[in-house]
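Q: Model the following, please.
(one chain, ligands or ions: 1)
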Amino acid sequence: MVGLNEHLVMLVADIRPKLATVAIVDLNGRFLSRAQISVTSDPEKTIAKIVESMLRMKQNHPQRSFEGVGIALPGRVDSATRRLRFAPNLGWPDFDIKEAFEKGPGMAVEMDNAANACLLAETWFGGIDGVRNAVLVTISEGVGTGILCNGQLLYGNCGMAGEFGHICLDTNRPLCGCGARGCWEVFASLNAALRYYAESKPQVMARAIEDLLRLASEEDAKAIAALTKQAEYIGQGLRVITAALAPEVILIAGDIVAAWGRLAPVIENAFAQSILSGWKPRFIPTHEAEVDRLRGAAILVLQRRSSNGEATGAKRMPRRAVPAKKKSLVKGAGRRVAVLST
Ligand SMILES: [Zn+2]
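A: Got it, this is the predicted structure:
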């Protein structure tokens, strides 16, 4: 009697420090179109190129109903102002990203941190159905976390909750993009693994994490040592997260999950060195981080519809005035909204 309306789609973008992916996503999480755009230090020009790509995609799908624009960002977004508040790896000056996107496709824009977007996608489409306390850790150019606490995404004041990547492990160590020294991401990010490898004076250079993973798969000892060192630091950081939040599940997203079979025992061992109560969360690798960031950006748009009561024709309410229970991320609630949209 009811079903998903496959004509409803969202325009989404996943912006990373060097590359952005633009796509159209439908209610089933399927991609109708995808393109990649290079990201520069100039936000205005970069967003103009992304908007241009979005408009082209929209023109190519005239039969679809576009519900809005969702953006995943490598930083924290202030939920009140919707401006990018903290993004050390992107290096963009203070810039009204939301307004720049709204002027383009002429639709409402929702933005959030990439780790939050990944966690939303895992909650809706992934395998953590029924889990109410989870943390998703993205291991990319930096280290980001998204937190599900009692079934709700945790934002904290100014949207800054979850910056575990910038907890200091050693003040004498390398400078972080945030301006401090020895942050967890300085030791546990992809850039850290590449640095460990370069410091070992290898005969073959690795410019990207893909190179390092390939070398490790070919049993290159220095590549394996670099990834192992990174994994040890990942395990150390997960101890901090577990002590702070006691999640049932910790999801790990990023390119390194391609070597999960090799690295998981290293992470588990580093973590196990100081378990507080003999209990530990389940560690689950997420193999579709890029897809998750885009799907999560689409869910941001659907959540806005849900929160504003648009699906049922109720009067539109400001986001901050929405009762907490209406923002439930429980999978069934999201699906119900999708059905009502038909
Ligand atoms: Zn830092």
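Q: What residue in the stretch 201-342 of the chain comes nearest to the ion?
A: G237 (12.2 Å; Cβ to the ion). (C-beta placed from N, C-alpha, C; glycine too.)
Q: what's near enough to touch that residue?
A: V137, V143, F164, G165, I167, L169, W184, F187, A188 (Cβ atoms under 8 Å, 6 or more residues apart in numbering).
Q: Which of the residues you listed sits closest to the ion?
A: Each of the contacts of G237 was checked against the ion using Cβ to the ion; the closest is G165, at 6.6 Å.
Q: neighbours of the closest one, just the number please.
A: Each residue near G165 was counted by other Cβ atoms under 10 Å, and the total is 25.
Q: got the contact list for it?
A: Counting by Cβ under 8 Å, 6+ apart, G165 touches G142, V143, G144, T145, C183, W184, E185, A188, S189, G237.
Q: SS state for it?
A: The local conformation at G165, judged by DSSP: H, G, I helix; E, B strand; the rest coil, is helix.
Q: Enumerate the residues of this protein near the ion.
A: Proximity of the chain to the ion is confined to H166, C176, C178, A180, C183 under the rule Cβ under 5 Å from the ion.
Q: Which of those residues fall within helices?
A: Judged by DSSP state H, helices contain none of those.
Q: Filter those down to the buried ones, ChimeraX style.
A: This is the ChimeraX syntax for the buried subset of the residues of the chain next to the ion, where burial follows 16 or more other Cβ atoms under 10 Å:
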select :166,176,178,183
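Q: per the record, what domains does this protein have?
A: Split into domains by automatic domain parsing, the chain comes to 8-118+290-340, 129-287.
Q: Quick one: those as JSON lines, columns for mean pLDDT too.
A: As requested, the domains of the chain are arranged in JSON lines below (pLDDT from 0 to 100):
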{"stretch": "domain 8-118+290-340", "mean pLDDT": "78"}
{"stretch": "domain 129-287", "mean pLDDT": "90"}
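Q: quick one: which of the contacts of G165 sit in helices?
A: Using DSSP H, the members of these that fall in helices are W184, E185, A188, G237.
Q: Mark which of the contacts of G237 are buried, thanks.
A: Those of the contacts of G237 that meet the buried threshold are V137, V143, F164, G165, I167, L169, W184, F187, A188, by 16+ other Cβ under 10 Å.
Q: Out of those residues, the closest to H287 would be?
A: Nearest to H287, judged by Cβ to Cβ, of the buried ones among the contacts of G237 is V137 at 14.3 Å.
Q: Who does the closest one form a beta bridge with?
A: Beta-bridge pairing of V137 under DSSP bridges involves T145, I252.
Q: now it: how far from P88?
A: For V137, the distance to P88 equals 17 Å [Cβ to Cβ, to the nearest Å].
Q: quick revisit: biggest separation within the buried ones among the contacts of G237, which pair?
A: V137 and L169 (15.0 Å).
Q: what about L8, distance to the ion?
A: To the ion, L8 is 40 Å away according to Cβ to the ion, to the nearest Å.
Q: For that residue, the count of nearby residues, please.
A: 18.
Q: Next, it: phi, psi?
A: Backbone geometry at L8, expressed as degrees, to the nearest 10, gives phi -80, psi 120.
Q: For the stretch 151-300 of the chain, which segments count as helices?
A: Assigned by DSSP state H, counting those that start in this stretch, the helices in the stretch 151-300 of the chain fall at 184-188, 190-199, 209-217, 221-245, 260-272, 289-308.
Q: Any idea which of these gets closest to I128?
A: Evaluated with Cβ to Cβ, the helices of the stretch 151-300 of the chain place helix 289-308 nearest to I128, the distance being 11.8 Å.
Q: helices or strands next to that closest one in the packing?
A: Packed against helix 289-308 by the contact rule (3 or more Cβ pairs under 8 Å, 6 or more residues apart in numbering; DSSP states H and E) you find strand 8-15, strand 19-26, strand 65-73, strand 109-113, helix 114-125, helix 331-340.
Q: just to revisit the earlier point, okay, the contacts of G237 in TSV with distance to A272 next?
A: Below are those laid out as TSV (distance: Cβ to Cβ, whole Å):
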residue	distance to A272
V137	17
V143	20
F164	19
G165	22
I167	20
L169	18
W184	18
F187	18
A188	17
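Q: Closest to H7 out of these?
A: V137 (35.8 Å).
Q: Quick one: end-to-end distance for stretch 160-179.
A: Taking Cα to Cα, to the nearest Å, the span from the opening residue of stretch 160-179 to its closing residue is 17 Å.
Q: chain center to it: distance?
A: In terms of Cα atoms, centre = their mean, to the nearest Å, the centre of stretch 160-179 is found 18 Å from the chain centre.
Q: just stretch 236-246 next, same as before
A: On Cα atoms, centre = their mean, the centre of stretch 236-246 falls 19 Å from that of its chain.
Q: buried sites along that stretch?
A: Buried positions in stretch 236-246, judged by neighbour count with 16+ other Cβ under 10 Å: Q236, G237, L238, R239, I241, T242, L245.
Q: Thank you, goodbye.
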